[in-house]
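S.K.: Here is a sequence with its predicted model. Questions after.
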Amino acid sequence: MKIGDLVTFCPESWGTPLEDRPIGIVMNVEDYRDGIDPEPFLMVTALFSDCDIPYSSNIKEFEIVNASW
């Protein structure tokens with residue numbers, strides 16, 4: 001996942017069909033490492049069409065709808 005990708009929420013995190021989930025654009029992807037857990041914690045910030053405030057959450061909550069090229 002990278003800046004410019006179109007994303008929506010995964011079915012597990014939103015619980016509705018794809019057509020009912022908002023679509024957003026990725027604005028930032030950050031890699032958080034705490035020095036204890038060997039796997040990074042990736043945080044994604046996306047701006048959705050129905051809201052003016054960016055939403056940030058774990059990368060596992062999002063799925064790519066259309067990757068930017």
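M.R.: Sure thing, it's come through. Residues are numbered from 1 along each chain as shown.

S.K.: Identify the residue nearest the residue most central in space within the chain in space, chain neighbours excluded?
M.R.: Centroid-nearest residue in the chain, with Cα atoms, centre = their mean: residue 62, separated by 4.0 Å. Among residues not flanking residue 62 along the chain, residue 7 sits closest, at 4.4 Å (Cβ to Cβ, 6 or more residues apart in numbering). For glycine as for every other residue, the C-beta is placed from the backbone atoms N, C-alpha and C.

S.K.: Now do the buried residues in the helix or strand containing that neighbour.
M.R.: Take DSSP states H and E as the rule and residue 7 turns out to sit in strand 6-9. Across strand 6-9, burial judged by 16 or more other Cβ atoms under 10 Å covers 7, 8, 9.

S.K.: those strands in this structure, which residues are they?
M.R.: Ranges of strands in the chain, per DSSP state E, are 6-9, 24-32, 41-48, 55-58, 62-66.

S.K.: Report the contact partners of the residue lying closest to residue 60 once chain neighbours are set aside.
M.R.: Residue nearest to residue 60 in three dimensions, not counting chain neighbours: residue 10, with 7.1 Å by Cβ to Cβ, 6+ apart. Residue 10 sits next to 60, 61, 62, 63 when contact means Cβ atoms under 8 Å, 6 or more residues apart in numbering.

S.K.: Could you list the low-confidence segments of the protein?
M.R.: 34-40, 67-69 (pLDDT under 70).

S.K.: Reformat the buried residues of strand 6-9 as TSV; add distance to residue 48.
M.R.: What follows is the buried residues of strand 6-9, written out as TSV (distance: Cβ to Cβ, whole Å):
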residue	distance to residue 48
7	9
8	9
9	9
